[in-house]
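Peer 1: sequence plus predicted model, see below.
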Protein chains: 2
Amino acid sequence: MIVVNLKDNSTTKQIQFFIFTPYQIYVKVANFLYEDIASHIEEEILNGVLQLGDKLPSVRMFSKQHNVSASTIFQAYYTLESKGLIEARPKSGYYVIYQPKKYRSDIVNSNQKEIPAIHELTTDGMISHIVDLLSAENYTHLSSAKPDLSLLPTASLQKSVKSALTALGADILNYDHPSGNIHLRQSIAGQQIKLGKAYTTKDIVVTNGCTEALTLCLRATTKKGDIIISDSLTYYGIHQIIKDLGLKFIPIPIHTKTGLDLKFLKRSIEKFPVKACLLTTNFNNPTGKSLSTAQKKELVQLITKRQIPLIEDDVYGELYFGKHRPSTCKQFDTEGLVLYCSSFSKTLAPGYRIGYTIAGKFTETVTRLKRIHSLGSSTLSQQALVGFLSKGRYPYHLKKLRHTLQANMLSYCKLIYQYFPEEIYFVPPTGGYILWIAFPEDFDSVALFEAAKMQNLIIAPGQIFSMNVSHKNYIRLSFSTPITEPIEKAIEVLGSLAKALIQKSYL
Amino acid sequence: MIVVNLKDNSTTKQIQFFIFTPYQIYVKVANFLYEDIASHIEEEILNGVLQLGDKLPSVRMFSKQHNVSASTIFQAYYTLESKGLIEARPKSGYYVIYQPKKYRSDIVNSNQKEIPAIHELTTDGMISHIVDLLSAENYTHLSSAKPDLSLLPTASLQKSVKSALTALGADILNYDHPSGNIHLRQSIAGQQIKLGKAYTTKDIVVTNGCTEALTLCLRATTKKGDIIISDSLTYYGIHQIIKDLGLKFIPIPIHTKTGLDLKFLKRSIEKFPVKACLLTTNFNNPTGKSLSTAQKKELVQLITKRQIPLIEDDVYGELYFGKHRPSTCKQFDTEGLVLYCSSFSKTLAPGYRIGYTIAGKFTETVTRLKRIHSLGSSTLSQQALVGFLSKGRYPYHLKKLRHTLQANMLSYCKLIYQYFPEEIYFVPPTGGYILWIAFPEDFDSVALFEAAKMQNLIIAPGQIFSMNVSHKNYIRLSFSTPITEPIEKAIEVLGSLAKALIQKSYL
């Protein structure tokens, strides 16, 4: 590893080069000083230390007090402004324009005393109807689970495709290795280095998106009729996989405030012969919750003690808003029990259908299953990614993407505070692009879904993310689409519809 | 349908335009007169009516006798010359230079009296070792099951990719429909028109190659422990799918001379509660055998009577050497019981990983399984194909490909006649690119495989295509790679090795 320190009066930049293969250099970009200052102020705003209307210190004063150049402070303020947290008022200075809303927390249902039990998956007839609409054309989508196309580096990726065509000639038509393109696997191994793990290409299997990775890992660790553990709230596609593979499952509660209930998980594996766990450890879809590093360590200990494989879905892991990439369970896995799954669908190119798994001691089985049932992934898609990744632009793209998503999130929150009924509750997420909004307990989010659909708006009602049609009073919104006038209008309309539904229930 | 007849003195050409969608025109190219003449002469050579060394009528005489222009006869002779069937000798005329070899047929084991029984799949340890070598680098491959890259329209496909990038912009990064790109499905439906069937896009599910199509169709029609019927000799990948899905199977014998034993199949479905049939109906890999149209009709009647779904693998169907595309069982399916599976991997771009199924009454289930377990195929790969297909070049490419493959086949046969031991037996195939060669019954083709490997040559020993390690005296060769000096040398070496092994067994 080579560490380069660049320092002058105004900025400090540390670049660490991980030289991994002759083909690629992985660059980990450390924070600039202005970014540190901005995130310090940001925290104060989000914690309520700095409140709506508060004036920030003048650039000159701040610069003098902390012995940093004025341009650094300007850059910090500019960053906060671009996120919609502060604004410059002519001849007056910078003011806080954002305030996290305080909500009544009594509407949050906490099921702390629930007893672990095997649940039946309810019929998915209603779900498929809604799921079909989630990708239907001619609607305004407020709950899209894919990155908005405007956030993706289209031009660079197109260039990579063209370069690959020229470089490879007829070979681009050939089968690639069943486990995936060797350079792509090198790149994926390189990304894991920043999480402190060194893998070889043999540890990695490239799949048809994260979906296929999850299916293959479940098939490698379980058989029909086995009991598994999974998030009680999760992407409906995961429920469908579990159901289709004929697995029994114990849903682990995710509390709106505290996240995944590890104690419940512990009681579950003590009580039942659980064959595998399948959990989204960072920015769970739909709740946005992550396990803390301590919780991840604890979880790995728990499963290691009982030798239960853990399929870790980390598809949103790179979309963190904080300073550091969140940890993974895979980091703490010493016995190859964690089957790590992710993809490039949430960050680069959903349509390329490229995901991967690092399946530990199950790698051989997963490799075999991939070869048998799909023979390998698209050479063209893989080569396009290889070209893009080899240029070292991915870390920069991700940084920009995270910044935009966080700014989007703050804008959406503001509009929701403005237009939605008082009675809602939600915790602004620290990554991903999903908002999980609770309404009062008797609220019917399918009624809201139907009312919104009449206005050509699509949202996702909470129960489609639950294995047992709970969370009927929740909705999932996405903030991946940048705010435009029609989007603001849509949020306003949705707010009115929700208010009307709440009022109606009082009559 | 618009039929255009072009006729002048020398050529007759009939072009039928099937106008199917606003996006594509499907062109069915009928035979030119010179082609009809050429294939008539070809038949006479292959049947032994015209023999090695025979002189063909002079162009002038032929032209006069049949009242066709001299240029038509020249074209016919040129076609035969390009296939290696005849040669021009200066100042003398055209001579037959090919002779199909007569073999002793007593070495062909016929198991006509075998009784239907459920077979255990043997361990595939040995098979994986060999299968890994079938795609290993740094060897000369004489048994490749993919089209040689030199036979594919690389430039046109590359152009299509570039056009798709320009036309679609960021949309190329987006998810496509889980059932596949709508224009691609229109094209696939269009191809079926020439088989006399009209499908809509809703009947078609695009898959990750034919492999995924077969897996999905098996999963849609069977569950673990069910009994299915399959070719006794088939692509080892199909055995692995059957084994992995936990299915029991009855292998239907394929006789080297007469092909699939339909009587045996009938007895099998009478005796056992068979849940599905999985058969390659045209140019079976490795035997090269097809069912006749009459047999296909009979098969469909048999399965319809008992309502058993038939998964029809037609991945080689377009690679016919005769005048007409062979029929399919799907053509005669009136109740939606045939799940037709094919791909573009053997004809256009193996690495694109694009296959499809027309699954009849199982379409909804297959669609659901595709969506759940892989969410859709690569947008990029699909768009590249759409671009190529929409230009209407596919029929022309196929025609050229078929011609080249047939010419290759004849060249390979010649070399095999020249260098291989007298004791072999094989039937030159009428399509595909695979030769299935029988040695005397005590011959050990794995010994030949090992000996060849030492010389850096890879062939496929017969038993890897058998579910129960039979056919130990067979090898599979491929004639997809055009003959070059190293290939001729390789065949010579292989012949010597085989001769040495046979001699050794006499000592």
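Peer 2: Nice, I can see it.

Peer 1: just how off-centre is the longest helix seen in chain A within its chain?
Peer 2: Ranked by residue count, the top helix of chain A under DSSP state H comes out as helix A:394-419. How far helix A:394-419 lies from its chain's middle: 13 Å, per Cα atoms, centre = their mean, to the nearest Å.

Peer 1: pretty sure A:Val427 is touching A:Lys257, no?
Peer 2: Yes. Look at A:Val427 against A:Lys257 with Cβ atoms under 8 Å: they come within range, at 7.0 Å. Backbone N, C-alpha and C define where each C-beta goes, glycine included.

Peer 1: coming back round to it: now for the helix or strand just after the longest helix of chain A, which elements pack on it?
Peer 2: Next along the chain after helix A:394-419, taking DSSP states H and E as the criterion, comes strand A:434-438. With contacts taken as 3 or more Cβ pairs under 8 Å, 6 or more residues apart in numbering or on different chains; DSSP states H and E, strand A:434-438 sits against helix A:394-419, strand A:474-478.

Peer 1: if you set the cut-off to 7 Å instead, what comes out?
Peer 2: Packing partners of strand A:434-438 (3 or more Cβ pairs under 7 Å, 6 or more residues apart in numbering or on different chains; DSSP states H and E): strand A:474-478.

Peer 1: could you check the angle the strand it packs on makes with helix A:394-419?
Peer 2: On the basis of axes from the mean of the first three to the mean of the last three Cα atoms, to 10 degrees, strand A:474-478 is oriented at 130 degrees to helix A:394-419.

Peer 1: in the next helix or strand after strand A:474-478, what counts as buried?
Peer 2: Next helix or strand after strand A:474-478 toward the C-terminus (DSSP H and E): helix A:485-506. Judged by neighbour count (16 or more other Cβ atoms under 10 Å in any protein chain shown), helix A:485-506 contains these buried residues: A:Ile487, A:Glu488, A:Ala490, A:Ile491, A:Val493, A:Leu494, A:Gly495, A:Leu497, A:Ala498, A:Leu501, A:Ile502.

Peer 1: likewise for stretch A:436-447?
Peer 2: Buried residues in stretch A:436-447 (16+ other Cβ under 10 Å): A:Trp436, A:Ile437, A:Ala438, A:Phe439, A:Phe443, A:Ser445, A:Val446, A:Ala447.

Peer 1: tell me what the second one is bridged to.
Peer 2: Following DSSP bridges, A:Ile437 is listed with bridge partners A:Ile475.

Peer 1: I figured it hits A:Ile424, correct?
Peer 2: Yes. Counting by Cβ atoms under 7 Å, A:Ile424 is a contact partner of A:Ile437 at 5.5 Å.

Peer 1: what's the closest of the buried residues of helix A:485-506 to chain B?
Peer 2: The closest of these to chain B turns out to be A:Ile487 (Cβ to the nearest Cβ; 17.9 Å).

Peer 1: the closest one and A:Lys146, how far apart?
Peer 2: In this structure, A:Ile487 and A:Lys146 are 16 Å apart, going by Cβ to Cβ, to the nearest Å.

Peer 1: with A:Thr357 instead?
Peer 2: To A:Lys146, A:Thr357 is 21 Å away according to Cβ to Cβ.

Peer 1: same check, this time on A:Gly322
Peer 2: For A:Gly322, the distance to A:Lys146 equals 23 Å [Cβ to Cβ].

Peer 1: can you check A:Leu233 too?
Peer 2: 19 Å.

Peer 1: so for these two, which residue has more residues nearby?
Peer 2: Between A:Leu233 and A:Lys146, counted using other Cβ atoms under 10 Å in any protein chain shown, A:Leu233 has the larger neighbour count: 27 against 19.

Peer 1: got the contact list for A:Lys330?
Peer 2: For A:Lys330, the contact set (Cβ atoms under 7 Å, 6 or more residues apart in numbering or on different chains) comprises A:Lys197, A:Glu312, A:Val338, A:Tyr340, A:Ile358.

Peer 1: cool, and A:Ala70?
Peer 2: Going by Cβ under 7 Å, 6+ apart, A:Ala70 touches A:Val59, A:Arg60, A:Ser63.

Peer 1: which of those residues sits closest to B:Cys277?
Peer 2: Checking the contacts of A:Ala70 against B:Cys277 with Cβ to Cβ, the nearest one is A:Val59 at 78.2 Å.

Peer 1: I'd say the closest one and A:Ala76 touch.
Peer 2: No. Look at A:Val59 against A:Ala76 with Cβ under 7 Å: they stay out of range, at 9.2 Å.

Peer 1: which one's more surrounded, those two?
Peer 2: With neighbours defined as other Cβ under 10 Å, A:Val59 and A:Ala76 compare such that A:Ala76 has more, 26 against 18.

Peer 1: show me what contacts that one?
Peer 2: Neighbour list for A:Ala76: A:Tyr34, A:Ile37, A:Ala38, A:Ile41 [criterion: Cβ under 7 Å, 6+ apart].

Peer 1: kindly report the same for A:Ile308.
Peer 2: Residues near A:Ile308 by Cβ under 7 Å, 6+ apart: A:Ile269, A:Val274, A:Ala276, A:Cys277.
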